[in-house]
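[1] Compute the structure for the input listed below.
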Amino acid sequence: MNTGLVVLFIIIALLLGAVGGFFFAKKTFEDQLEKNPPVNEDMLRMMMAQMGQKPSEKKVRQMMQNMKSQNTKKKK
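    Predicted coordinates:
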């Protein structure tokens with residue numbers, strides 16, 4: 001009976017740790033997205049307009065492509 005109780009406590013502790021870890025990771029991920037939102041094409045258009053540039057579709061797509069290529073280089 002003593003060994004069964006120990007195994008039960010270990011299983012309960014593992015389940016509680018997994019659930020707690022899931023919610024901690026979810027909260028951390030949401031906080032990071034709130035602090036650093038991903039840049040999209042609309043944000044680039046607004047930034048270019050604020051800098052006094054006419055945001056043509058070609059420029060916006062070039063900038064998005066450059067940002068994506070920089071992100072893939074950083075991951076390697």
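
[2] Show me what the lowest-mean-pLDDT helix or strand in the chain packs onto, helices and strands only.
    Across the helices and strands of the chain, mean pLDDT, DSSP states H and E gives its lowest value to helix 57-75, namely a mean of 81. Packing partners of helix 57-75 (3 or more C-beta pairs under 8 Å, 6 or more residues apart in numbering; DSSP states H and E): helix 41-50. Glycine gets a C-beta too; all of them are placed from N, C-alpha and C.

[3] who does the helix it packs on touch, helix- and strand-wise?
    Checked by 3+ C-beta pairs under 8 Å, 6+ apart, helix 41-50 has helix 57-75 packed alongside it.

[4] Check the offset of the helix it packs on from the chain's centre.
    Computed by C-alpha atoms, centre = their mean, to the nearest Å, the separation of helix 57-75 from the middle of its chain amounts to 18 Å.

[5] Pull out the buried residues from that helix.
    60, 63 (16 or more other C-beta atoms under 10 Å).

[6] Same check on stretch 15-31?
    Buried residues in stretch 15-31 (16+ other C-beta under 10 Å): none.

[7] Which strand or helix spans residue 55?
    Taking DSSP states H and E as the definition, one finds residue 55 inside no helix or strand.

[8] was I right about it contacting residue 45?
    Yes. The pair residue 55 / residue 45 is scored as a contact, 4.2 Å apart, by C-beta atoms under 8 Å.
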